[in-house]
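Engineer: This is a predicted model, with the sequence first.
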Amino acid sequence: MAVQTVAGTSTTTPAFADNPHQNSFGPAVALSCRECGTRYALTPVFACQECFGPLEVAYELPLGDPEDLRRRIEAGPANIWRYAPLLPVPADVTAKQNLNPGWTKLVKADNLARELGVTGGLYVKDDSGNPTHSFKDRVVAIALEAARTFGLTTLSCSSTGNLAGAVGAAAARAGFRSCVFIPHDLEQGKVVMAAVYGGDLVAIEGSYDDVNRFCSELIGDPIGEGWGFVNVNLRPYYGEGSKTLAYEIAEQLGWRLPDNLVIPIASGSQLTKIDKGLQELIKLGLVEDKPYKIFGAQAEGCSPVSAAFKAGHDVVRPVKPDTIAKSLAIGNPADGPYVLDIARRTGGAIEDVNDEQVVDAIKLLARTEGIFGETAGGVTVGVLKKLIETGQLDPAAETVVLNTGDGLKTLDAVAPTTGPTATIRPTVAAFREAGLA
Ligand SMILES: *Cc1c(COP(=O)(O)O)cnc(C)c1O
Ligand SMILES: [Zn+2]
């Protein structure tokens, strides 16, 4: 990768030096091209004008006494804003109308560990505890603040379900109009949650990848004037929200890094930004520098990154998704190549499980730890099991597996095989007859 420069000489996008909103972005100083390093001002742009590479937020991080920074963080609120010194948000962010997600439970999963033969310690980072019951509240919270700074008035997204709900809720609270786009065939729980907050919800006759293409077109149209698509034109800011998962896991472990992380992959944004967050923690001296391995998890019916990993390819060939794990059903993942880099660099791997294994893993997590994850949680727990069985993940090492959403939103996945043990008349005799006494 090229050395970062301070170029950005384009006429339509303000150069890095002319940052018009500097005070609103805390320690962030620019957008930087992931491919060629060209820098841009902090504006609603998302692709490099030199090479079309994705842009990401670059910082001047508060390098100083790590003990001071740690104390400052620990004194902060029990949500993602405790990490405001490391995020592209204004210093007074806690005073804004926001859903304040984060600081979800890191559950020591001893029962699941026993079942899977993990001896080095196993934790579930349970992001179903967020305001709209998925990890998406983290990314939306940051994108919302960027939209506010840029004076955008409509909040939008292309969504596999959870993002639509998170955008609808955040917009409702912050007083934005919202108009979100989903594929027409999503789970009822996701559709209802996306609609209940009162914004506009548009179901598109097509797959997520069609929805995403449509949104890109809308941004280029005069209709899209004043619109913040959290995962398109606000994507550089959106992505930074996932860093807070890395920060929380490290802090909740007592300011140290685990050996292994098992992370779901849809577009791959979350996985790449968790790695970015872990690298920052090391750079800042907040945790001891030690190796960690990142494992990516996909559903077999939408496993383009896993397929590329196994084939030793650097590029990801798009697929047509067909899986019950709809929240992860992105056939053309934007951050796929970076996910491959990270899995290879850290010595991790990318695996996939079929729908039956997803359902089994949802139930396994539920019956061992009392955590009802959505299908994406079935994917990560199922992949963890497979990684251990195939010798790709060391069970004697310490592992954190992510559950990124709530099982109540994907009831259909388990409903056909889950129900009453017996249905009886209200008499003791009937109970005895049912063989449950
Ligand atoms: C969106 C989503 C992810 C990951 O998405 P990325 O696009 O890879 O960042 C994971 N789990 C759930 C439940 C999601 O909704
Ligand atoms: Zn570039």
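Structural biologist: Nice, I can see it. Computed from a predicted structure; not experimentally measured. Ligands and ions are numbered 1, 2, ... in the order given.
Engineer: CA only for contacts and neighbour counts going forward, please
Structural biologist: OK.
Engineer: All the helices of the stretch 201-350 of the chain, residue numbers only.
Structural biologist: With DSSP state H, counting those that start in this stretch, the ranges of helices along the stretch 201-350 of the chain come out as 208-220, 235-240, 243-252, 269-283, 304-311, 336-346.
Engineer: Comparing these, which comes out most buried?
Structural biologist: Comparing those on average neighbours per residue, with mean count of other C-alpha atoms under 10 Å, the densest one is helix 235-240 at a mean of 28.
Engineer: So which elements touch it?
Structural biologist: strand 55-59, helix 136-149, helix 269-283 (3 or more C-alpha pairs under 8 Å, 6 or more residues apart in numbering; DSSP states H and E).
Engineer: Any residue of the longest one touching ligand 1?
Structural biologist: Just to be clear, that refers to helix 269-283. Yes. Helix 269-283 reaches ligand 1 (C-alpha under 6 Å from any ligand atom) through Ser269, Gln270.
Engineer: Okay, angle between that helix and strand 55-59 too, please.
Structural biologist: For the pair helix 269-283 and strand 55-59, the angle between their directions (axes from the mean of the first three to the mean of the last three C-alpha atoms, to 10 degrees) equals 20 degrees.
Engineer: Okay, and the beta partners of Thr298?
Structural biologist: Slight slip there: residue 298 is Gln, not Thr. On the basis of DSSP bridges, Gln298 takes part in beta bridges with Asp352.
Engineer: one step back: tell me which of the helices of the stretch 201-350 of the chain lies nearest to ligand 2.
Structural biologist: helix 235-240 (13.8 Å; C-alpha to the ion).
Engineer: List the contacts of that closest one.
Structural biologist: Counting by C-alpha atoms under 8 Å, 6 or more residues apart in numbering, the neighbours of helix 235-240 from elsewhere in the structure are 31, 46, 54-57, 87-88, 139-143, 146, 229-231, 269-270, 273.
Engineer: Now mean pLDDT and distance to Ala170 too, for the helices and strands packed on helix 235-240, in TSV please.
Structural biologist: Supplementary listing: these in TSV, determined by pLDDT from 0 to 100; distance: least, C-alpha to C-alpha, whole Å:
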stretch	mean pLDDT	distance to Ala170
strand 55-59	97	22
helix 136-149	98	7
helix 269-283	98	19
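Engineer: can I get those in CSV with distance to Leu112?
Structural biologist: What follows is the helices and strands packed on helix 235-240, written out as CSV (distance: least, C-alpha to C-alpha, whole Å):
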stretch, distance to Leu112
strand 55-59, 37
helix 136-149, 25
helix 269-283, 23
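Engineer: Format those as a markdown table; extra columns: distance to ligand 2.
Structural biologist: Written out in a markdown table, the entries for those read as follows (distance: least, C-alpha to the ion, whole Å):
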| stretch | distance to ligand 2 |
| --- | --- |
| strand 55-59 | 8 |
| helix 136-149 | 22 |
| helix 269-283 | 18 |
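Engineer: give the contact list for the closest residue to Gly189 other than its chain neighbours.
Structural biologist: In space, Gly189 comes closest to Lys409 once its chain neighbours are excluded; the distance is 4.4 Å by C-alpha to C-alpha, 6 or more residues apart in numbering. Contact analysis of Lys409 by C-alpha under 8 Å, 6+ apart lists Glu187, Gln188, Gly189, Lys190, Glu374.
Engineer: Considering these, which possesses the most neighbours?
Structural biologist: Neighbour counts for the contacts of Lys409, by other C-alpha atoms under 10 Å, peak at Glu374, which reaches 28 neighbours.
Engineer: Please read off the pLDDT at the nearest residue in space to it that is not next to it in sequence from the model.
Structural biologist: Spatial nearest neighbour of Glu374, excluding adjacent residues (C-alpha to C-alpha, 6+ apart): Gly407 at 3.8 Å. As summarised for this prediction, Gly407 has a pLDDT of 97.
Engineer: Quickly note the distance from the residue nearest to Gly189 to ligand 1.
Structural biologist: Relative to ligand 1, Lys409 is positioned 10 Å away (criterion: C-alpha to the nearest ligand atom, to the nearest Å).
Engineer: and whichever strand or helix holds Leu402, what does it pack onto?
Structural biologist: Assigning secondary structure by DSSP states H and E places Leu402 in strand 399-403. In this structure, strand 399-403 packs against strand 122-126, strand 260-264, helix 375-389, with contacts taken as 3+ C-alpha pairs under 8 Å, 6+ apart.
Engineer: Residues touching it, excluding its own?
Structural biologist: Here strand 399-403 makes contact (C-alpha under 8 Å, 6+ apart) with 120-128, 258-264, 373-374, 376-377, 380-381, 384.
Engineer: What is the burial count for Asp355?
Structural biologist: Using other C-alpha under 10 Å, Asp355 is surrounded by 21 other residues.
Engineer: Who are the contact partners of it?
Structural biologist: With C-alpha under 8 Å, 6+ apart as the criterion, the residues that contact Asp355 are Ala299, Glu300, Gly301, Thr323, Ile324, Ala325.
Engineer: Counting neighbours, which of these comes out on top?
Structural biologist: Each of the contacts of Asp355 was scored by neighbour count (other C-alpha under 10 Å); the top score is that of Ala299, with 33 neighbours.
Engineer: list the contacts for it?
Structural biologist: Ala299 makes contact with Thr323, Ala325, Leu328, Asp352, Val353, Asn354, Asp355, Val358, Val379, according to C-alpha under 8 Å, 6+ apart.
Engineer: for these, which one is nearest Phe309?
Structural biologist: Using C-alpha to C-alpha, Asp352 comes nearest to Phe309 of the contacts of Ala299, at 10.8 Å.
Engineer: Can you get me a residue count around the closest one?
Structural biologist: Asp352: 27 surrounding residues under other C-alpha under 10 Å.
Engineer: can you pull the contacts of it?
Structural biologist: Each residue near Asp352 by C-alpha under 8 Å, 6+ apart is listed here: Ala297, Gln298, Ala299, Glu300, Ser303, Ser306, Val379, Val383.
Engineer: Let's see that with 10 Å instead.
Structural biologist: Each residue near Asp352 by C-alpha atoms under 10 Å, 6 or more residues apart in numbering is listed here: 264, 296-307, 358, 379-380, 382-384, 386-387.
Engineer: what about it, distance to Gly382?
Structural biologist: Distance, Asp352 to Gly382, using C-alpha to C-alpha, to the nearest Å: 8 Å.
Engineer: between these two, what contacts are shared?
Structural biologist: When contacts are counted by C-alpha under 10 Å, 6+ apart, Asp352 and Gly382 are jointly contacted by Ala297, Gln298, Ala299, Val358.
Engineer: Any residues of the stretch 201-350 of the chain in contact with ligand 1? List them.
Structural biologist: That would be Pro264, Ile265, Ala266, Ser267, Gly268, Ser269, Gln270, Ser327, Leu328, which are the residues of the stretch 201-350 of the chain within reach of ligand 1 (C-alpha under 6 Å from any ligand atom).
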